[in-house]
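Student: give me a 3D structure for the following:
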Amino acid sequence: MAKQRLGEPRARNLLRSDRNSFCDTQYDGSNWNGEGKIADHPCYCLMFFNGIIDLMDIIAGSLIPAYFHFTGAVFCSSFALSRFSGFFAWCVWAGASLNCMVLALNRVIEMIPSAKALRFLFKGKLLYLWMVVITAYMVFSPFINRPHPFNTAVSAFISSPMITDDAVKEAAHYDTLLLPIHNITVVVVIFGLYSILCGYVIKMRRIAKLGTYKLQLQLFIQVLMICSTTTMTALLYSSMIFFTVSRSVAIAANVLWQLSHAPHSGFHAIVYLCLNRDISHELSKMFTRRRKISTLTVMNAAAARS
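Tutor: Here you go, the predicted structure:
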């Protein structure tokens, strides 16, 4: 009993020290006052950049496949467009998935006090350097990889265009190691980083009433939901390369890719609006301001006529 009583103050001190170090890792709360300063946080900048890539995914993941389905186009009948769509799809997928890995790394550095020394990686010009690296990876990766054209027979982007009778030889010619290496890296990195974060969130649940902790937990849930679909997409496409799968799995992989990155699917918009009070507040203020302006315009026009 004596040893237990002696250990209790020490445990409380350790918890207090951990809580204080966690508080020290937060940004100034004035950045979260709902007055248009949410862009000061690196996580929001990266999510905004991810939204820009999502816009390009509309073309690669939805509009071009829709055109192929409506016209019944195949690799031989639309050779140029098939090659372009294959390169472009690989380009936006590489950028979006790499950005998700960077987002996961940012959450680890922001939330875990022991990683405080690495916070400089997402400050100032280094934050924009991440975006430059992601953009460069998007631009140059198609030049070192074969295109993955959309195949209307399986409704998915696959490496082999299926234009010969010898499927094994054709797959050996068109398949490259870059895509499976990239996809497996996405799965391992995102799963590993979020496993670390989940363990830390469970550990820190005793101070969940702390305002800054709630803020970081909110961001953690948002980024986790956004990146989880990317991880599942990478996992399905990797399984399509190494194993024989049914057509339904190929369709599911493409639909999941559309869900994970195409903004018209609404998934990311729902995450932002439902789980992020700052964005929903700013959006409501924007529409309220427009409504007031339109009301004043109508009133002024009516007064001028009278």
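Student: helix or strand: which one has the nearest residue to Leu105 once chain neighbours are set aside?
Tutor: Nearest residue to Leu105, sequence neighbours excluded (Cβ to Cβ, 6 or more residues apart in numbering): Leu193, at 6.3 Å. Every C-beta, even on glycine, is put in place using the N, C-alpha and C of the backbone. Using DSSP states H and E, Leu193 maps to helix 178-203.
Student: what's around Trp127, how many residues?
Tutor: No Trp there; residue 127 is Leu. By the measure other Cβ atoms under 10 Å, the count of residues near Leu127 is 16.
Student: what do you get for Ser114?
Tutor: Around Ser114 there are 12 residues (other Cβ under 10 Å).
Student: use 26 as the first number for this chain going forward.
Tutor: OK, 26 is where the count begins now, so the last one is Ser139.
Student: quick one, phi/psi of it?
Tutor: Phi and psi for Ser139, reported as degrees, to the nearest 10, are phi -70, psi -20.
Student: number of residues surrounding the nearest residue to Ile137 once chain neighbours are set aside?
Tutor: Distance criterion Cβ to Cβ, 6+ apart; nearest residue to Ile137, sequence neighbours excluded, is Tyr225 at 5.5 Å. Neighbourhood size, Tyr225 [other Cβ under 10 Å]: 19.
Student: again, but for Ile266
Tutor: Applying other Cβ under 10 Å, we find 17 residues neighbouring Ile266.
Student: ok, now which ones touch it?
Tutor: Residues near Ile266 by Cβ atoms under 8 Å, 6 or more residues apart in numbering: Ser184, Asp200, Leu204, Pro205.
Student: try 10 Å this time
Tutor: With contact taken as Cβ atoms under 10 Å, 6 or more residues apart in numbering, Ile266 is in contact with Ile183, Ser184, Ala196, Asp200, Thr201, Leu202, Leu204, Pro205, Asn208, Ile209.
Student: cool, and Ser107?
Tutor: Ser107 touches Ile89, Phe93, Ala98, Val99, Phe100, Cys101, Pro172, His173, Pro174, Phe175, Asn176, Pro186, counting by Cβ under 10 Å, 6+ apart.
Student: pretty sure the third one is touching Ala178, no?
Tutor: What it means is Ala98. No. Using Cβ atoms under 10 Å, Ala98 makes no contact with Ala178, being 11.5 Å away.
Student: which one's more surrounded, these two?
Tutor: A direct count of neighbours by other Cβ under 10 Å for Ala98 and Ala178 places Ala98 higher, at 18 against 10.
Student: wait, a strand at that one?
Tutor: No. Judged by DSSP: H, G, I helix; E, B strand; the rest coil, Ala98 forms no part of a strand; its state is coil.
Student: how close does it sit to Ala105?
Tutor: To Ala105, Ala98 is 11 Å away according to Cβ to Cβ, to the nearest Å.
Student: try Val117
Tutor: Distance from Val117 to Ala105, by Cβ to Cβ: 19 Å.
Student: which of those two has more neighbours?
Tutor: The neighbour count for Val117 versus Ala105, taken as other Cβ under 10 Å, is higher for Val117 (21 against 7).
Student: do I have it right that that one meets Met163?
Tutor: Yes. With contact defined as Cβ under 10 Å, Val117 reaches Met163; the gap is 6.9 Å.
Student: so what sits against both of these two?
Tutor: In contact with both Val117 and Met163: Ile78, Met81, using Cβ under 10 Å, 6+ apart.
Student: so what does Ala98 look like in phi/psi?
Tutor: The phi/psi pair for Ala98 (degrees, to the nearest 10) reads phi -70, psi 150.
Student: pLDDT value on it, please?
Tutor: If you check Ala98, the pLDDT there is 81.
Student: over to the one 4 residues further on?
Tutor: Per-residue confidence for Ser102 comes out at a pLDDT of 81.
Student: and Ile215, by the same measure?
Tutor: On the pLDDT scale, Ile215 gets 86.
Student: check contacts around the closest residue in space to it that isn't next to it in sequence.
Tutor: Excluding its sequence neighbours, the residue lying closest to Ile215 (Cβ to Cβ, 6+ apart) is Thr256, at 4.8 Å. Shown in contact with Thr256 (Cβ under 10 Å, 6+ apart): 122, 125-126, 129, 208, 211-216, 219, 249, 285.
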